[in-house]
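Student: how would this look folded up:
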Amino acid sequence: MATVSRTVAAPPDRVFAVLADGWTYSDWVVGTAHIRDVDEEWPQPGSKLHHKAGPWPLSLHDSSTVLSCLPDRRLRLEAGLWPLGSAVVDIILEATAGDQTRVIMHEEFEQGPLSWVQNKINDLLLHRRNVETLSRLADIAERWDGQR
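Tutor: Reported below is the predicted structural model:
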């Protein structure tokens, strides 16, 4: 499992507002090239965002599904990338002093071929990817005004 964290200079409700706007995911999730559609109910449990991941012409079309959601506190997703598999991504928001948020992100492959290759190299690659993902999320949340 890859776990990363970062302190963001924005309150939890503002960080969550970015998470709650499914159309922003290709802006901050490393590897997501394009958001094709977002269910109206996003980020309610069971809702999906439909994405394209990877470089053209090798990009894959799949979706991510909300497993659970506690507004301003936590978002848990199953992120699909078939035929490679899927991962469970858990994003936890903790309020800290000075109107900041500690964002903790856990990701673990759950299904498919990627789950069969659980090793330190895999974890290192996920770790580096997710450090950059949280950096991008922080950049957006720190400047978020409710508009894309």
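Student: I'd guessed Ala10 sits against Gln100; true?
Tutor: Yes. Counting by Cβ atoms under 8 Å, Ala10 touches Gln100, with 7.1 Å between them. All C-beta spots, glycine's among them, are computed from the backbone N, C-alpha and C.
Student: quick one, which of the two is more surrounded?
Tutor: Neighbour count, other Cβ atoms under 10 Å: between Ala10 and Gln100, Ala10 has more, with 22 against 17.
Student: Please report the distance of the more buried one from Ile140.
Tutor: 9 Å (Cβ to Cβ, to the nearest Å).
Student: Isn't Tyr25 up against Lys48?
Tutor: No. The criterion here is Cβ under 8 Å, and Tyr25 misses it with Lys48 at 11.5 Å.
Student: Which neighbours do those two have in common?
Tutor: The contact sets of Tyr25 and Lys48 overlap at Ser64 (Cβ atoms under 8 Å, 6 or more residues apart in numbering).
Student: Which one of those two is surrounded by more residues?
Tutor: Neighbours were counted for Tyr25 and for Lys48 using other Cβ under 10 Å; Tyr25 has more, 22 against 19.
Student: hang on, the more buried one is in a strand, isn't it?
Tutor: No. Counting by DSSP: H, G, I helix; E, B strand; the rest coil, Tyr25 is located in no strand; its state is helix.
Student: State the pLDDT value of it.
Tutor: For Tyr25, the model assigns a pLDDT of 95.
Student: Over to Ala79?
Tutor: 89.
Student: so it, which of the three states?
Tutor: Recorded secondary structure, Ala79: strand (three-state DSSP).
Student: same check, this time on Leu134
Tutor: Assigned by three-state DSSP, the conformation of Leu134 is helix.
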